[in-house]
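**Student:** Here's my sequence, what's the structure:
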Amino acid sequence: MRKIVHLDADSFMVSIERQQRGLSSQQPIIVATNYHHNDFVLGCSHELKALGIYPSQEIRHAERLCPEAPIIEGNPTQYHRISQAIYTYLFPHAPAVELNSVDDYYLDMSTMPLRVPHLSTWSTNLRDSLHKEFGLSFSVGIAPNKLTAKIAANLYKPAGLVILPYNGIESLFRRLPVQYLPSLARTEICELSYLGVFTCTTLRSIPVSLLRKVLGAKALPVHQHAAGIDYSPVTPPKQNPIIKITRTARVHFFNMPYYESLLHDAVAALSYLLRNKKTCASVFRVRLIYRDHRSSERVCRTVRTNYEQPMQNLLRKLFYRIYTRRVNLHKIEITAENLSATDDIVTPLYYEHMKHTEQLYAAIDSVRHRYGRNALRWGI
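**Tutor:** Numbering: from 1, shown residues only. Take a look at the predicted model:
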């Protein structure tokens, strides 16, 4: 039987900001992406979640719900650095460690000769050592699969430790609200509530063919999750490096020229970063995250390149193929994969002379190194 340990940092971003700013551990605060631009909530303390404030909520709504709570501008770079440090700390402790998000970690202890009572003591010692090393509180869930371990940890936050045996999954999911299923977005939970679906028991009684009309391709996995079924393995991060650029939309209405400029800026930043690292890529991925928290993505292959113009032409076509819903965008993510050294670069056919192309980009990068990346930009 599998033994999965799920570690969930309690109010990860809030705890870090409290440490950095010397605030009391009891003071409720809101961490925002960019408060001066009236953007979104990154995280909030447990007291504020009871008032209806949640991550990805717009700041103006959070201010209405709790106007006296201080709003602090977050530092995603610092959160990512601390998250990677925790992952590095956990890596020697388990045969397989997965970093699911910035504050979620899965440890597969199936191959370790530890019985469940001993695993509980081992998890307690690991949680205490993490608190001593990083000053963060963790909730721990131990269960036969990743889904049930995550739900067990979320049910007893903060600083809880729960062991969910295999024979206890059925009784737990019989009365579990659908809000605890991590595979459901907030808008999908609202759509299910309109249909009278509030618990996992009701959800799994609905045929998958009917669920597809509401959830689309997610219907089958969500139907399985409602019964506590999850076969996904604990997968360590891929060894192949990737480079990802993300741009967040600052407007809250449909604006196609603005989305095109965001894409143009993201591709320009990715091309510049590839040349700085002296690498090129042959696989590019475009992912669109909508305001209703759904997403769509597409991958394309091309010749190895780090030149901006062919990348702009290719990814712009990919963007138009994906963006068909006409729903306001929240984020645009551009990822370069299958990286290699610049010696393997292939010049597109419409460049007549390789030498002239290299000289052109070398001159552009020289100006950008001196005056900043936005000193020179290609026209849209």
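**Student:** rest of the way, CA atoms for contacts and neighbours
**Tutor:** Will do.
**Student:** Could I get the phi/psi values of the residue nearest to the spatial centre of the chain?
**Tutor:** By Cα atoms, centre = their mean, the chain has its centre lying nearest to S101, at 5.5 Å. With angles defined as degrees, to the nearest 10, S101 sits at phi -150, psi -170.
**Student:** pLDDT wise, what is it at?
**Tutor:** At S101, the model reports a pLDDT of 85.
**Student:** now swap in R298 and tell me
**Tutor:** Confidence score, pLDDT, at R298: 90.
**Student:** distance of it from Y231?
**Tutor:** Per Cα to Cα, to the nearest Å, R298 is found 25 Å from Y231.
**Student:** Please apply the same query to I364.
**Tutor:** 50 Å.
**Student:** okay, the two: which has more neighbours?
**Tutor:** I364 (16 against 12; other Cα atoms under 10 Å).
**Student:** So that one: helix, strand or coil?
**Tutor:** Secondary structure assignment for I364 (DSSP: H, G, I helix; E, B strand; the rest coil): helix.
**Student:** out of everything not next to it in sequence, what's closest to it?
**Tutor:** Distances taken as Cα to Cα, 6 or more residues apart in numbering put L376 closest to I364, at 7.0 Å, once the chain neighbours are dropped.
**Student:** Report the contact partners of the one you found.
**Tutor:** Applying Cα atoms under 8 Å, 6 or more residues apart in numbering to L376 gives the contacts I364, V367, R368.
**Student:** what's the answer for E308, then?
**Tutor:** E308 neighbours (Cα under 8 Å, 6+ apart): V267, A268, S271, Y272.
**Student:** Let me know the pLDDT of it.
**Tutor:** pLDDT at E308 comes out at 83.
**Student:** gap between it and L273?
**Tutor:** Distance from E308 to L273, by Cα to Cα: 11 Å.
**Student:** now the helix or strand harbouring C280: mean pLDDT?
**Tutor:** Assigned by DSSP states H and E, C280 belongs to strand 279-290. Averaging pLDDT along strand 279-290 yields 89.
**Student:** List the contacts of that strand.
**Tutor:** So strand 279-290 is contacted by 274, 295-306, 315, 318-319, 322-323, 327-342, 344-345 (Cα under 8 Å, 6+ apart).
**Student:** Now pLDDT, neighbour count and distance to L210 too, for the contacts of E308, in JSON lines please.
**Tutor:** Shown next, in JSON lines, are the contacts of E308 (pLDDT from 0 to 100; neighbours: other Cα atoms under 10 Å; distance: Cα to Cα, whole Å):
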{"residue": "V267", "pLDDT": "90", "neighbour count": "25", "distance to L210": "40"}
{"residue": "A268", "pLDDT": "87", "neighbour count": "21", "distance to L210": "43"}
{"residue": "S271", "pLDDT": "88", "neighbour count": "22", "distance to L210": "44"}
{"residue": "Y272", "pLDDT": "86", "neighbour count": "20", "distance to L210": "47"}
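**Student:** Quickly name whichever of these is closest to R81.
**Tutor:** Y272 (22.7 Å; Cα to Cα).
**Student:** Which helix or strand contains the closest one?
**Tutor:** helix 256-276.
**Student:** At which residues are the helices of this structure located?
**Tutor:** 12-21, 46-49, 59-65, 76-90, 116-134, 146-155, 169-174, 186-194, 200-204, 208-215, 219-225, 256-276, 308-322, 354-371 (DSSP state H).
**Student:** Relative to P236, which of those is closest?
**Tutor:** Nearest to P236, of these and by Cα to Cα, is helix 76-90 at 10.2 Å.
**Student:** Can you give me the buried ones in the helix holding Y272?
**Tutor:** Neighbour-count burial for helix 256-276, counted by 16 or more other Cα atoms under 10 Å, picks out 259, 262-275.
**Student:** pLDDT below threshold where in this protein?
**Tutor:** Low-confidence segments of the chain (pLDDT under 70): 34-38, 114-117, 237-240, 342-358, 373, 377-380.
**Student:** Quickly list the domain ranges of it.
**Tutor:** What automatic domain parsing lists as the domains of the chain is 12-77, 83-225, 243-375.
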